[in-house]
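Engineer: show me the folded form of this:
(chains A, B, C and D)
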Protein chains: 4
Amino acid sequence: MAGELGEERRERWEERTGPVLMLAALLFLVAFGWPIIEPDASTTVRTVCWALALASWVVFAADFVVRIVLSNNRVHFVTHSPLDVVLVLVPMLRPLSLLRVLSVIGILDRQAGRASRGRVALYVATSSALLITVCALFMLQAERGRPGSVIDSFDDALWWAATTVTTVGYGDTYPTTGTGRAVAAVLMFCGIALIGVVTATVAGWLISRVAEEEEAVDQVTQRDVEALTGEVRALRQELAEVRRRMDGDTPGA
Amino acid sequence: MAGELGEERRERWEERTGPVLMLAALLFLVAFGWPIIEPDASTTVRTVCWALALASWVVFAADFVVRIVLSNNRVHFVTHSPLDVVLVLVPMLRPLSLLRVLSVIGILDRQAGRASRGRVALYVATSSALLITVCALFMLQAERGRPGSVIDSFDDALWWAATTVTTVGYGDTYPTTGTGRAVAAVLMFCGIALIGVVTATVAGWLISRVAEEEEAVDQVTQRDVEALTGEVRALRQELAEVRRRMDGDTPGA
Amino acid sequence: MAGELGEERRERWEERTGPVLMLAALLFLVAFGWPIIEPDASTTVRTVCWALALASWVVFAADFVVRIVLSNNRVHFVTHSPLDVVLVLVPMLRPLSLLRVLSVIGILDRQAGRASRGRVALYVATSSALLITVCALFMLQAERGRPGSVIDSFDDALWWAATTVTTVGYGDTYPTTGTGRAVAAVLMFCGIALIGVVTATVAGWLISRVAEEEEAVDQVTQRDVEALTGEVRALRQELAEVRRRMDGDTPGA
Amino acid sequence: MAGELGEERRERWEERTGPVLMLAALLFLVAFGWPIIEPDASTTVRTVCWALALASWVVFAADFVVRIVLSNNRVHFVTHSPLDVVLVLVPMLRPLSLLRVLSVIGILDRQAGRASRGRVALYVATSSALLITVCALFMLQAERGRPGSVIDSFDDALWWAATTVTTVGYGDTYPTTGTGRAVAAVLMFCGIALIGVVTATVAGWLISRVAEEEEAVDQVTQRDVEALTGEVRALRQELAEVRRRMDGDTPGA
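Structural biologist: Now for the predicted structure:
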């Protein structure tokens, strides 16, 4: 299990368990969110949700333990995976790891930077929807039933999240508790980032069109220079021929 | 009617019916919006508007049927025109197709990326105005007369739409119904996109000026390389001449 | 007064009267704004302000008439100066022409695109301040004393303008009249444009640094190609010399 | 102490005292903020905070005096360091100088423009946090206990600052005093700048990836041209050899 072999085995494990973990994260989101959305859910439903959430968490934890075991340098792996440690300790954040499956699409690689705007739009839309859902769940849990609270149902919470992430902020719904304000602050700054990503994507589109043409000019120049080099090489051979001829002449002169 | 011929006929049809459909969409917008703006309109007016809206819809549907008939592969055409299917089934969204006439201007082609900022500004302004109008109509229909609603006239609805699309969101007007909130969410995200497009256009302007100069440098280099290639070619001919001369000399030596 | 001569005379006039018109616009802003800010101003003050505003307007109108007279094609000049016509007919918008003096700085020319970020910042700050002031004046005039209005002093109006142009929109101050809402809509969209310009400037800064280096590489290439061309030219002369020598040889052979 | 020597000594002083001044600024922030956050703090605590703030100020002032003394041209130094003069006269702004230590990281140099996005994110996050804290302190001091004020604790002030800098502006907390509104206006415009920097950074990232490839093409061209120049130089030597050979021939002809 020494050296490269261990790392390879861990990577193969991570590749194969990826979809399972995604499913577990989705299950956790539902099992975590259901009792928040339905506060009047029966004890049976609550118990089932709690069991499912626990089961999902066991899957996350087991996966993490296997990955530690498969690592060459286990201490190094644990200390260099702070995000994984946090996600096992605070499973409520786990659903956000669903975004990782989207990053597989690789929106930020150069190819995508030019070609598939649709994929970027899909990514931004999906991550916004997921972020809004998770933040709305946290907000509902933090605010429902508190004195002075104006967020009382999942609908209200979703509406609050939409007005916040777009930085519209009507002020008809807003958090009143400390926890709620903390969740809101996270979502607000995500809103700023959202504006940034949308703008940068549109700008990147415009720019890549300009850059494309520029590159075309550059590549023509490069081809021209290559052709010229061939020309000069032919010239040199010609001259070498002349010289050989002269060398042949001289003795015969 | 086989092969290319069919597609060509459909395209010619689409080209020729474009203006008619635009007029029908505009008519639909008026016929759809009028009874919403004037809730006290007489039954006659309502009937006329309803008849006009129906007539517009018949035009849309007839056009779609003709295009299906003119297609080579009819099933393929229907399954690959989801937007057209939606616009026939949900004619309320039809006015948004007015934006399509604007896209004809082709703001996103490279030429426009450099030259006509005025056209981009015009496009952004027109589509914002259209979007604000359509969203305000939907909002008014959803909110008017509901208990607790603060949007009670088309003026209020337009004002709400302006504060929303710019993400200002004073909070003096905001939706209270589920439908209203859904319309608002669409407009909010359009606001984010609006900021993105405005910013990217200004940035694109600045960048294209920089890129233009860069390209100028590149093109000078390209011209230089071409001149150099000519020079080398002349040199080679010169050398060939020398060699011929030598060949001529040798026998005569 | 025929041909080029007329245009030249008009341009010289415009150059020389520029500062006078700026002063008149500033005077108009003060004379127009004072009675709005101080509703309890004495009749004397009101009369003086009214007289000053009238005097400024006479200056604008006289300048426009002189420019018409100095033009070669007077009808063409009038029909192609819609902004000037509007500014003479609606003098309240005149203070916005103060921005024109700032555009003299030429922030959008290429040089500025790279070098003087301070100048762009100054321009954005000054035009924002001017826009906020003018919009606050209009808002105060539209809202003060109306039933249900929450903007009652110039302080309130300035505060409203700041929350609006930055798209923050707390909602503690907002227009309630139709005129006020129209002014607010203008300022909101200016806020969107402000975000766009600030972002594009920062982005332009980052990009110009990247582009600068790129251009440096391009210019090195260009210099290299020029050096190479010199080299090849020398080579050709050398070869010509060889040929002349050979030609000289041949007869003497 | 004449000429370069003086400047060098001042710069060495500035380099060595940098960390001390940062500590003093941090101390000042705490000593200045504590009595604002805890209005019921005992007289002892207030006195200690006051003494610490005074001590920090003495450090700032002493440092400035030493730098004046070490300068070659003292009058020139004072007139060209307006920021230092302001920070000594208005020590409440001193904590903002903490941002200077971050600028040491050099986020805006070209290298960073490409490589370490993490550092830029860290810089934006730290400066936002510092700005929010300082503005919240000022706001709390301006608003607490005023009639009609809704900002009554440091929590409220922080929450207000977060909703403001992100331009969300719910309107549940907002300033009511003149001072508070001035602080808010500063923070609002910083919010616009924040959006600008975040967007430009994301856009810069996308662009630098495109530019990188472009530069690669350019550098290949440059290398090609250099190789070609070597080729031509070899050709020239070859020709010179031919000519020398011919020259050798001629006398022997």
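
Engineer: check contacts around the closest residue in space to A:Thr229 that isn't next to it in sequence.
Structural biologist: Leaving out its chain neighbours, the residue that sits closest to A:Thr229 by Cβ to Cβ, 6 or more residues apart in numbering or on different chains is D:Leu228, at 4.8 Å. C-beta here means a position set from N, CA and C on the backbone, and glycine is covered the same way. Contacts for D:Leu228 were tallied using Cβ atoms under 8 Å, 6 or more residues apart in numbering or on different chains; they are A:225, A:228-229, A:232, C:228.

Engineer: now, which of these sits nearest C:Val85?
Structural biologist: Distance to C:Val85 across the contacts of D:Leu228 (Cβ to Cβ) is lowest for A:Val225, with 56.7 Å.

Engineer: can you verify my assumption that that closest one contacts D:Thr221?
Structural biologist: Yes. Counting by Cβ atoms under 8 Å, D:Thr221 is a contact partner of A:Val225 at 6.0 Å.

Engineer: kindly reformat the contacts of D:Leu228 as a markdown table containing pLDDT, secondary structure and distance to D:Thr176.
Structural biologist: Formatted as a markdown table, the contacts of D:Leu228 follow (pLDDT from 0 to 100; DSSP: H, G, I helix; E, B strand; the rest coil; distance: Cβ to Cβ, whole Å):
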| residue | pLDDT | secondary structure | distance to D:Thr176 |
| --- | --- | --- | --- |
| A:Val225 | 75 | helix | 69 |
| A:Leu228 | 76 | helix | 74 |
| A:Thr229 | 75 | helix | 75 |
| A:Val232 | 76 | helix | 79 |
| C:Leu228 | 75 | helix | 73 |
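
Engineer: what about the helices in the stretch 1-150 of chain A?
Structural biologist: Assigned by DSSP state H, counting those that start in this stretch, the helices in the stretch 1-150 of chain A fall at A:4-37, A:43-70, A:74-79, A:82-89, A:98-103, A:110-114, A:117-143.

Engineer: which of the ones you listed has the lowest mean pLDDT?
Structural biologist: For these, the weakest mean pLDDT is recorded on helix A:110-114, namely a mean of 43.

Engineer: which residues touch the closest residue to chain C within chain A?
Structural biologist: Across chain A, no residue is closer to chain C than A:Gly171, which sits at 5.1 Å (Cβ to the nearest Cβ). Counting by Cβ under 8 Å, 6+ apart, A:Gly171 touches B:169-171, C:170-171, D:169-172.

Engineer: ok, now A:Gly33?
Structural biologist: With Cβ under 8 Å, 6+ apart as the criterion, the residues that contact A:Gly33 are A:133, A:137.

Engineer: if we use 6 Å, what do you get?
Structural biologist: With contact taken as Cβ atoms under 6 Å, 6 or more residues apart in numbering or on different chains, A:Gly33 is in contact with A:Leu137.

Engineer: from B:Val225, how far out is it?
Structural biologist: Relative to B:Val225, A:Gly33 is positioned 64 Å away (criterion: Cβ to Cβ, to the nearest Å).

Engineer: cool, A:Arg46 as well?
Structural biologist: From A:Arg46 over to B:Val225 (counting by Cβ to Cβ), the distance is 76 Å.

Engineer: what's the neighbour count on the residue nearest to A:Arg233 when sequence neighbours are not counted?
Structural biologist: Distances taken as Cβ to Cβ, 6+ apart place D:Glu231 nearest to A:Arg233, at 6.6 Å, with adjacent residues excluded. Neighbour count of D:Glu231, defined by other Cβ atoms under 10 Å in any protein chain shown: 18.

Engineer: which SS class is D:Glu231?
Structural biologist: Secondary structure assignment for D:Glu231 (DSSP: H, G, I helix; E, B strand; the rest coil): helix.

Engineer: and the gap between it and B:Val225?
Structural biologist: With distances taken as Cβ to Cβ, D:Glu231 is found 14 Å from B:Val225.

Engineer: surely A:Arg10 meets A:Ile68?
Structural biologist: No. Applying Cβ atoms under 6 Å as the test, A:Arg10 and A:Ile68 come out as separate, 9.0 Å apart.

Engineer: count the residues that sit near A:Cys148.
Structural biologist: One correction, residue A:148 is Gly, not Cys. As a burial measure, A:Gly148 scores 7 neighbours (other Cβ under 10 Å).

Engineer: can you pull the pLDDT of it?
Structural biologist: 85.

Engineer: name the nearest residue to it, sequence neighbours excluded.
Structural biologist: Per Cβ to Cβ, 6+ apart, closest to A:Gly148 is A:Thr176, 5.1 Å.

Engineer: in three-state terms, label that neighbour for me.
Structural biologist: Classification of A:Thr176 using three-state DSSP returns coil.

Engineer: A:Arg144: how many residues sit nearby?
Structural biologist: Neighbours of A:Arg144 (other Cβ under 10 Å): 16.

Engineer: nope, A:Ile192 is what I meant
Structural biologist: Counted by other Cβ under 10 Å, the residues lying close to A:Ile192 total 23.

Engineer: what's the most buried one of the helices of the stretch 1-150 of chain A?
Structural biologist: Stretch with highest mean neighbour count among the helices of the stretch 1-150 of chain A: helix A:117-143 (a mean of 19; mean count of other Cβ atoms under 10 Å in any protein chain shown).

Engineer: what about the helix or strand just after that helix, near chain C?
Structural biologist: Following helix A:117-143 in sequence order, the next helix or strand is helix A:154-165 (DSSP states H and E). No. In terms of Cβ under 6 Å from any Cβ of the partner chain, no part of helix A:154-165 sits within range of chain C; the closest distance is 11.2 Å.

Engineer: does chain B sit close to helix A:154-165?
Structural biologist: Yes. Counting by Cβ under 6 Å from any Cβ, chain B has neighbours in helix A:154-165: A:159, A:162.

Engineer: just want the angle from that helix to helix B:154-165.
Structural biologist: Going by axes from the mean of the first three to the mean of the last three Cα atoms, to 10 degrees, helix A:154-165 is angled at 60 degrees with respect to helix B:154-165.
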